[in-house]
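J.: Sequence below, structure please.
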Amino acid sequence: MNRDNLQNKLDKKQLRRYLLKKRQQMTMVEWREKSDRIVTNLQTSKLFQEAETILAFFSFRQEPDLSPLFNSSQKRWGFPRCVGNFLMWHFWQPEDSSNNSSYNSLNVGNYGIHEPHPHAEVVDITEVDLILIPCVGCDLKGYRLGYGGGYYDRLLSSPIMREKITMGIVFELGYLPQLPRDHWDQPLDGVVWENGVHICRGKPPVVA
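T.: Take a look at the predicted model:
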C-alpha cells in the first residue's frame, strides 16, 4: 500500500492496526538505530534545549525509546500513571531507582506499561515546559493517531495543557501527509522522527 495514500483508504482503527503491525516488524537493530536518531534530533532541538521540566513516556510496544535522554541532570522528567480515565504525572530520574525508598521504583500498570510509584512526587503542571507524546501516527499539521484509549486526547483538551508546547514522537513509517481527524483532536506543536524535526505552526520541516 502506498504510504502517502494510507489516509485516503483506511479509517482510524484500520490505520492504527496497519501502522502498529509495520512498527512491530522492525528488527531490534533497526528499532534501536531509529530511536537513537530521534534522541539526537530532540537533543539538537531548541524547544528541547530550552525546556527544564519535561513530560515524557516509557517505550512500549516498540515505541521510540527516549531513555538515553533521561540521564540528563539538567532536566526534570515527569512520567504518566493511569488513574481511571486520566493520566497522573510523577517525577522520576534513573538514579532514583538506586535509592532505598520504594517511592522511587517503577511499577507495571494495567496496560503493561512502566509507571512511577503512586507516592512519587507529583508534577506541578504549571511548571511543565515541554510534553513529548508517543504517536502511532502523526501528520504534517501535527495531528496524531494514538492507541484509541483517549488518554492523551483528554490531556491535550484541558485548558492548562493547551498552553504547553507539545511534540509528537513517531517513526517515519507513521509520519504521514494527513491523518483522519475527529472534532476533538488537538494538533501538536511539532513532530520528531528519525530524519528530522517539524515545527507544525506554519514552518517548514527541519531535516536533521
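
J.: Which stretches in the protein count as helices?
T.: Taking DSSP state H to define them, one finds helices in the chain at 6-9, 12-24, 28-43, 46-50, 151-157.

J.: Tell me which of those sits nearest to Ser105.
T.: With C-beta to C-beta as the criterion, Ser105 lies closest to helix 151-157 of those, at 22.5 Å. Where you see a C-beta, it was placed from the backbone N, CA and C, and this is true even at glycine.

J.: Name the residues of the closest one that are buried.
T.: Buried residues in helix 151-157, counting neighbours by 16 or more other C-beta atoms under 10 Å, are found at Tyr151, Tyr152, Leu155, Leu156.

J.: Quick check: buried residues in the longest strand seen in the chain?
T.: Residue-count comparison of every strand in the chain, with assignments taken from DSSP state E, identifies strand 76-83 as the longest. Buried positions in strand 76-83, judged by neighbour count with 16+ other C-beta under 10 Å: Arg76, Trp77, Gly78, Phe79, Pro80, Arg81.

J.: same thing with stretch 46-56?
T.: So for stretch 46-56, counting by 16+ other C-beta under 10 Å, buried means Leu47, Phe48, Ala51, Thr53, Ile54, Leu55, Ala56.

J.: surely Gly137 meets Gly174?
T.: Yes - Gly137 sits in contact with Gly174 when judged by C-beta atoms under 8 Å, with a separation of 4.0 Å.

J.: Overlap of the contact sets of these two?
T.: When contacts are counted by C-beta atoms under 8 Å, 6 or more residues apart in numbering, Gly137 and Gly174 have Leu19, Leu145 as shared neighbours.

J.: got any ranges where the protein has weak pLDDT?
T.: Residue ranges of the chain with pLDDT under 70: 1-9, 95-104, 201-208.

J.: circling back: right, so of the helices of the chain, which gets closest to Ala120?
T.: Each of those has some distance to Ala120 by C-beta to C-beta; the shortest is helix 151-157, at 18.5 Å.

J.: Can I get the closest one in CSV? Just the C-alpha atoms.
T.: These are the backbone C-alpha positions of helix 151-157, laid out as CSV (Å, rounded to 0.1, in the frame of the first residue of the first chain):
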residue,chain,number,x,y,z
TYR,A,151,-5.8,9.4,27.5
TYR,A,152,-3.8,12.0,25.5
ASP,A,153,-6.9,13.4,23.8
ARG,A,154,-8.2,14.2,27.3
LEU,A,155,-4.8,15.6,28.4
LEU,A,156,-4.5,17.8,25.3
SER,A,157,-8.0,19.2,25.5
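
J.: what does that helix contact?
T.: Contacts of helix 151-157 with the rest of the structure, by C-beta under 8 Å, 6+ apart, involve 80, 82, 85-87, 133, 144, 146, 161-162, 166, 184-186, 188.
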